[in-house]
Each structure stands twice: as C-alpha cells, then as structure tokens.
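Asker: build me a model from this:
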Amino acid sequence: MSSRTTKRATTVTGLIITVLLLAGCAGERPPVKKVLVIGIDGVRPDVLAEVPTPAIDALISEGAFSGRVITQAQTISGPGWSSMLTGVWPEKHGVTSNNFTGNNYALYPDFLTRLELIDGEFSTFAVVDWAPLGSEASGGPLLSDTIDVKLDFDGDQLGYQEGDNRSVAAAVRFLEHQDPDAAFVYIGYPDVAAHDNGGRSQEYYQSIENADLHVGRLVAALRNRPTYEREDWLILVSTDHGHRDGGGHGGDSPEERTVFFLASGLSVTQGTLPRDVNIVDVAITALAHLGIAIDPTWHLDGRVSGLEAAN
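Answerer: Numbering: from 1, shown residues only. A predicted model of the protein is given here:
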C-alpha cells in the first residue's frame, strides 16, 4: 500500500471515530436530578463562621451561601421546621409553637409529601430524631407517612448525640445503596448543646463541629454512589433558628432570628445569595430542581433560590 493510500485510510478511520464519538455524545442523557436537604437545629451563623467546618466550607465554596437570613417564623423549632419544609410561613401552616396540633399540613404538606402527591413514582426518604417531625408526638408528624421511607430515632430517649449518629448512619446506608430522588436528614444536637450550655459555650462549638462531620459523611455517601457521575445532586443545608449567648431562643434578638441558607451542586449559581433569601425557599428550591413547576394555586411563600435556571 502506498503512503498516500495509507494516509487516506487513516484519515477515513479518524473521521469514522469522530462521527461515532459525536453520535455518542449526542445520545448522552442529562444527569438525573436529585436533592438532599440537611437540617441542623439551632445553629447561629456567626458561631458557624468561627468553628472549623471543612465539609460545610467545601459546599459553600462550590455553591451559594447566605449567613444573614432573617427568619420570619417564630424562633421556635416547630414553626421553623414547618416553614422550611412546607415553603409557607406560620399564618398558613398553622404551627406557632412546639405543639403541632392544629397544623394545616393537609393544605401545605412538606416537600417530600408534595412530591409523592404529584407523582408517586418519586422515591422519597427522611430520617429524624426529634419526635414531632416524624411521629404523632405533640400533634405531629410534620413529615407525613406518605413518604416512602421515614425513619424516626428517639433523641429524647437516646440522647441527641446518639440519635444524630444513628440517623446519619441510616441515611448514609440508604443514600449509598438505594435510589432516592429526594431526601431529608435532621441533625438535632447543636440545639440541645446550646440549651444546656449556652450559645457561646465550648460544648455548642463542638456540637457544630460534629454536625459538620455528619454533613461530610452524607456528602461522601452521595459520591460513593455507583451512579453518582450520572446524577445532579442539589444539597441544601439550613437551620430553623439561632440562640442567645446564654442559650435558649424564642425571642426576636438578632442572635435568635439570624439563620443561614446554603445551596450546593452542579445546578447552583456560585456566590453569595441575596439578602432576602429565606428558609421558606428551601422546599421550593428542592421542588424546582426536580422539575416541579410551582403552581400559583398552592400559594407558597418561598421562591427558587440559588439555581441557575432561576437567575
């Protein structure tokens, strides 16, 4: 074979390979969108900034963050978690204390339940260790039994450090080996540490460091998934209220009302979020990431925050 023939054959082979590669790229499916919401109870953003939190810092560096969110809910866990997970403020969801009796979750369900009501094919998961979030205690549950898998560890009986350990361990197993579309994981000990020792105590600082370790375990679980490279995970992290220096909450001081909002993932516009972002945006942002069009007749108070499509 002449050198010219050899060169022509090589060129044709190269063109065929290029065409095949382009055809393969054209046939690639977009990443499957999934969402993980991590709720850490009772975290002051100013203290969060002082504590070594490499896992949360890594999410912030890859995402969008605001540590100057002023919650409009009462600085109590019942109204705070209800607002975050339903996307509406207390005047709509009806929870104004840690007594959940009289809630309006039938009209304003948590975002996981709303997903199931829209399309039962969604795979949903939640794990908590504060009883009213997952059980009938105190007029709950906030998270309904419509959710596919709901685990409830009793932090009051186990202690919240152990409750968090078990909750996160269960979530890690589920995230690594199952295929949820949307998940919520609650971490409760920082709130207890502040109540027991104060919002400027070493115990409170250590509890936030421990919460960061839990966040790191959850992120690692996502990245250990065999399908991770074909998935687009949105990770949302927030808190329900802060704490006074001496511990405790429920008032209107900046230390109690200031919370944080973190969104991280492939679909997030990196940078600082606007000052008017709030905890009611968590549920709406999670729904939007999963392709759910927000129906105006739902009368939700939150908006999509942090996602590229919203900017």
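
Asker: my guess is residue 59 contacts residue 216. True?
Answerer: No. Applying C-beta atoms under 8 Å as the test, residue 59 and residue 216 come out as separate, 9.6 Å apart. Every C-beta, even on glycine, is put in place using the N, C-alpha and C of the backbone.

Asker: can you count the residues close to residue 248?
Answerer: By the criterion of other C-beta atoms under 10 Å, residue 248 has 15 neighbours.

Asker: on that earlier part again, which one of residue 59 and residue 216 has more residues nearby?
Answerer: The neighbour count for residue 59 versus residue 216, taken as other C-beta under 10 Å, is higher for residue 59 (25 against 17).

Asker: state the helix or strand in which that one lies.
Answerer: Residue 59 is located in helix 54-61, with elements delineated by DSSP states H and E.

Asker: from the rest of the structure, what touches that helix?
Answerer: Residues from elsewhere that reach helix 54-61, judged by C-beta atoms under 8 Å, 6 or more residues apart in numbering: 48, 212-213, 215-216, 219, 235, 237, 262, 264.

Asker: just checking, residue 263 is part of a strand?
Answerer: Yes. Secondary structure of residue 263 (DSSP: H, G, I helix; E, B strand; the rest coil): part of a strand.

Asker: my read: it touches residue 233, true?
Answerer: No. Between residue 263 and residue 233 there is no contact under C-beta under 8 Å: 11.3 Å.

Asker: so for the two, which residue has more residues nearby?
Answerer: Taking other C-beta under 10 Å, residue 263 and residue 233 do not tie; residue 263 has more neighbours (31 against 22).

Asker: let me see the contact set for the residue lying closest to the more buried one once chain neighbours are set aside.
Answerer: Setting aside the residues directly before and after it, residue 263 is nearest to residue 306 in space (C-beta to C-beta, 6 or more residues apart in numbering), at 3.4 Å. Residue 306 makes contacts with 63-64, 261, 263, 268-269, 273, 277, 285, as judged by C-beta under 8 Å, 6+ apart.

Asker: closest one of the residues you listed to residue 182?
Answerer: Closest approach to residue 182 among the contacts of residue 306 (C-beta to C-beta): residue 285, at 11.7 Å.

Asker: what count of nearby residues applies to that closest one?
Answerer: Residue 285 - counted by other C-beta under 10 Å - has 28 other residues nearby.

Asker: which residues in the stretch 151-300 of the chain form strands?
Answerer: 182-187, 231-238, 258-264, 271-272 (DSSP state E, counting those that start in this stretch).

Asker: CSV for those, including mean pLDDT and distance to residue 157?
Answerer: Formatted as CSV, the strands of the stretch 151-300 of the chain follow (pLDDT from 0 to 100; distance: least, C-beta to C-beta, whole Å):
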stretch, mean pLDDT, distance to residue 157
strand 182-187, 98, 16
strand 231-238, 98, 26
strand 258-264, 98, 28
strand 271-272, 83, 41
